[in-house]
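A.B. asks: Predicted model and sequence below, questions to follow.
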Amino acid sequence: YFPAAVIHCYEPNVALSEILACHLSPLQVRCFPEAVGRCAARIKLNAGNDSLHSVAVAESEGDVRQASLAEALGRIGGAADLLKLDCEGSEWDILEDTDSMSRVNNLTMEYHLWAKPTSALEDIKELIARADLRITYQESDPGTTWGMLRATRR
């Protein structure tokens, strides 16, 4: 639908590189073997039960580079029409970068309350509102510590 779209993908789990390349090969997508966070850093991925549950941990000797959200946005011209976050808890850190988030027009994401144990859904909603985004959809299963939401520029 959007043949002129510029799409960047960030995947820090090198174990997924081959399958990701296979899925992206027919598309015009540029893939970076990096994580994204509030600041540039080095991280280590702590694998969960499978590749879907890896969690990034800041570690100066980490084997994975983390680009800042500002850097990732700079690579595509300084702003994004859509930012998709599925980063197993790192969304808290990313959403704190209100300057960079102010350059995102639409957001779709998973949120993970377990990543910040003293948090509640209202805390995520407050971070999104600080970026001047309005939540248009939110879903979570009762009794779970994660969910999904979408937001758009006000």
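C.D. replies: Yep, it's here.
A.B. asks: can you map out the helices along the protein?
C.D. replies: 17-24, 69-75, 91-95, 98-101, 121-130 (DSSP state H).
A.B. asks: who wins for proximity to Val36 among these?
C.D. replies: Each of the helices of the chain has some distance to Val36 by CB to CB; the shortest is helix 69-75, at 5.3 Å. Yep, even glycine has a C-beta here, placed from its N, CA and C like the rest.
A.B. asks: beta partners of the residue most central in space within the chain?
C.D. replies: To find the centre residue of the chain, average its C-alpha atoms and take the closest one (CA atoms, centre = their mean): that gives Leu85, at 2.9 Å. Under DSSP bridges, the beta-bridge partners of Leu85 are Met109.
A.B. asks: Surely it touches Ile94?
C.D. replies: Yes: Leu85 is in contact with Ile94 according to CB atoms under 8 Å; the separation is 6.4 Å.
A.B. asks: what sits against the closest residue to Gln138 other than its chain neighbours?
C.D. replies: Nearest in space to Gln138, with sequence neighbours left out and distances taken as CB to CB, 6 or more residues apart in numbering, is Leu149 at 4.2 Å. Applying CB atoms under 8 Å, 6 or more residues apart in numbering, one finds that Leu149 lies in contact with Leu107, Thr108, Met109, Tyr111, Ile124, Ile128, Ile135, Tyr137, Gln138, Glu139.
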